[in-house]
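**Q** Sequence first, then the predicted structure, then my questions.
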Amino acid sequence: MVLPALAMFVAFGVVPLLGVLGLSFTQWDGIGDIHPAGLDSWRHALTEPGLFHALGVTFLVMALSWLFQTPISLLIGVLLASHKRYRGFLAVLYFIPLLLSSAAIAITYSALLNPNFGLGAGLNIPLLNQDWLGQSNLALCVVVFVVSWQFIPFHSLIYQGGVRQIPRSMYEAAEIDGAGRIGTFFHITLPQLKYTIITSSTLMVVGSLTFFDLIFVLTSGGPGDATRVLALEMYQTGFKANLMGPASAIAVILVLVGLGLALLLRRIGGGSASDSQLEGA
Amino acid sequence: MRHSSTEISVERSPISRRNFLSLTAMAGAGAALAACGSSGPGGDSNSGGKAGTASYWFLTGQPGEGIRQTAAERFNKANPNNKLEFTAFENDAYKQKIKTAIGAGQAPTLIWGWGGGGLKSYVDAGQVEDLTGWFGENAAVKDRLFPSSFGPATVGGKIYAMPCETVQPIVLYYNKKVFEKAGAQPPQSFEEMMALVPTFKSKGIIPYSLAGKARWTNMMWLEFLLDRIGGPEVFQSVFDGQKDAWSNPAVLDMLTKIQQMVKDGAFGKGFSSVDAADNADQALLYTGKAAMMLHGGWTYGSMKNDGGDFVSGGNLGWMNFPPVTGGKGDPTNTVGNPGQYLAISSKATAEQKETAKKFFTSGVLDADETKAWINDGGSVPVAKGTEAILGASPDAAFLKYVYDTSVNAKVFAQSWDQALSPTAAEALLDNIAKLFQQQVSPQQWVTNMNQVIGK
């Protein structure tokens, strides 16, 4: 099975990547001929303040959504793993946001948060009647919230699986030693979930680099450029401004950042994050 | 019909097993495609049957889609040997599709568009036919259209596209009921427009409805204000690529006025999250939550459709943007879309080009299509001599206004984002959005924009 997988990866992963790398040394408007341009595109991309702003927004969204998602997913995961009654029902309920497409979620939220026709105006609740997507900081918070709302179910599921893998004998031993619920959580559940946390964090961090559809539909990167993440900057440069060269340079930067972060997280995890931690495995 | 620069929406759907399998099958085809390069024969691939069959892509969305389709079908019936093979695309999808298709050498024979900077990028790439000579030989075709519609079809003194469909100036709309309730009069000058801001605000009404999320909607305010303050020459010099053309003092004055309006709350506090794609800005006007709206002529039709009896009950008022006291611009000047455009792909075969030209002569804006645009489309075609049909339409008052404005305008400027190259237009829209967010000062705006002049 290695060969077909490798062929797929080369055809859809490596070849386009090399193509983009090649394009980043050219000048192309997407319509006419491609001209070699040396380092011009890189110079253009790296001297544009937009790139660094977008990088900043990307890291901010990444950090905030990690901070927001991890504790909640962890708690829901533990809850779903232990709860006997209604567990299945609740799991299905929590899982619903993940089944919706990002575009549908974004359209729904922008309708709900509409300052004139949205939830706040409709129900006459002043607290809800903010200019959610029209103010820079608020819009960023909304993006983080909606992203988290969409992905918390997925990470809860990972944590639920992780918790269920912890041998019962550990809890029984802790009980004999007189540990309480909170004590077992911090001394058994959390340490045992170390690798689950790393897996989930890697997915969150690297995944947040590719946020595009949700933010694009929700705010289009606005107001101004307050929520313009790297992927959006790349799209605008390439497909709106017809600057395929600099857009390719941004794409390469995006790949490098993602690769660097994934490697970093692996290193924090001790390199053997994918090894099994189960007895006898 | 929407303005052309509405944003694209993207939907990500998980790959189903079936799609996944077909992707695998395509892996081999991918290598074959890569070998094609950019020299594939345009149009050939999807024209079935006769050599003279020309492909023609246009936009979906009623009432325009039906009118376009009927016109093409009528032409096909009359010309069994020179048929059009048409496909309709949604506005935003079309913009991506046509660019990619032209770049890949797979353009349709007839390239529908908005002219201006987009057309110029095709011309620079040698992808569209020079029609100057053909229009010279077929003066009758040229003479039956508005002369002003040829501006955006002309690049470097040569004509590269056939104007078609309708003329759409930008109009200052107002809600008569709201004005009556507030005891206010429609503004006669920009100063009066500013003075109306506190009047409406104190009543909890948004003075000017603006869909700030879309960016090009904000641009309409800049276009009119700059024209009224400094005259059309200021933007013309930007368009001509003159160095530091944005440094004209009129620009700074205009930008300062805009930021003052934002500070005064002229657009309401939530304007930057209002989207034009779902016509929320129009809804604000016809529900009486806003008093006025600066928007394209095409919104008349959608407000008539969506606004209940708002339009039919005579509550919609309209006027040209009023003058700024002491300003240089002629108050008859307007801005918007002087027309839509059909260019011919240079990659099409001689027979396909022949069909396309035949369509220009006998199909585009023939008597039936012209009538359909007026009566079903609620808009003014770019064809001359339609006064009688316009006068008999149920929307005669508005149509007459659009017609007169278009014909009498001393200068009918094309929307900036259409006139400029895609690269410069994107920088413009970006900086306009930041201006309305107070993220850039007028001075910084000028500096930023001077950097992309001529790009």
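**A** Nice, thanks for sending it over. Residues are numbered from 1 along each chain as shown, chains lettered A, B, ... in the order given.
**Q** So for stretch B:117-126, what gets flagged as buried?
**A** For stretch B:117-126, the neighbour count (16 or more other C-beta atoms under 10 Å in any protein chain shown) marks B:117, B:118, B:119, B:120, B:121, B:122, B:123, B:125 as buried. No exception for glycine: its C-beta is placed from N, CA and C like everyone else's.
**Q** Next up, the contacts around whichever residue of the stretch 51-200 of chain B sits closest to chain A.
**A** Closest to chain A within the stretch 51-200 of chain B is residue B:125: 3.2 Å, counting by C-beta to the nearest C-beta. Residues near residue B:125 by C-beta atoms under 8 Å, 6 or more residues apart in numbering or on different chains: A:29, A:31, A:32, A:33, B:102, B:103.
**Q** Shouldn't the fifth one be within a helix?
**A** Translated: residue B:102. Yes: checked against DSSP: H, G, I helix; E, B strand; the rest coil, residue B:102 lies within a helix.
**Q** Would you mind checking the average pLDDT for stretch B:392-407?
**A** Across stretch B:392-407, pLDDT averages out at 91.
**Q** so what does the lengthiest strand in chain B touch, helix or strand wise?
**A** Assignment by DSSP state E gives strand B:166-175 as the longest strand of chain B. Here strand B:166-175 touches helix B:216-230, helix B:280-286, strand B:290-296, helix B:299-306, strand B:316-319, strand B:334-337, strand B:380-381, helix B:396-408, going by 3 or more C-beta pairs under 8 Å, 6 or more residues apart in numbering or on different chains; DSSP states H and E.
**Q** as a whole number, average confidence for it?
**A** pLDDT averaged over strand B:166-175 gives 95.
**Q** between that strand and helix B:216-230, how big is the angle?
**A** Angle, strand B:166-175 to helix B:216-230, by axes from the mean of the first three to the mean of the last three C-alpha atoms, to 10 degrees: 90 degrees.
**Q** quick one: secondary structure of residue B:344?
**A** Criterion first, three-state DSSP; result for residue B:344: strand.
**Q** count of neighbours near it?
**A** By other C-beta atoms under 10 Å in any protein chain shown, 27 other residues sit near residue B:344.
**Q** Show me which positions of whatever helix or strand residue A:20 lives in end up buried.
**A** Applying DSSP states H and E as the criterion places residue A:20 in helix A:15-23. Neighbour counts over helix A:15-23 (16+ other C-beta under 10 Å) mark A:20, A:23 as buried.
**Q** before we move on, the earlier item: after the longest strand of chain B, heading C-terminal, what element do we hit next?
**A** Remark: after strand B:166-175, the chain's next helix or strand is helix B:176-182, criterion DSSP H and E.
**Q** counting contacts, what elements does the helix or strand that comes right after that next one pack onto?
**A** Per DSSP H and E, the first helix or strand lying C-terminal to helix B:176-182 is helix B:190-201. Where contact means 3+ C-beta pairs under 8 Å, 6+ apart, helix B:190-201 is packed against helix B:176-182, strand B:206-209, helix B:249-264, strand B:290-296.
**Q** same for the last one, what does it pack against?
**A** Yep, that's strand B:290-296 we're talking about. By 3+ C-beta pairs under 8 Å, 6+ apart, strand B:290-296 packs against strand B:166-175, helix B:176-182, helix B:190-201, strand B:206-209, helix B:216-230, helix B:280-286.
**Q** any weak-confidence spans in chain A?
**A** A:83-84, A:270-281 (pLDDT under 70).
**Q** tell me, what residue is most central in it?
**A** residue A:208 (2.8 Å; C-alpha atoms, centre = their mean).
**Q** isn't that one right up against residue A:67?
**A** No: the criterion here is C-beta atoms under 8 Å, and residue A:208 misses it with residue A:67 at 11.7 Å.
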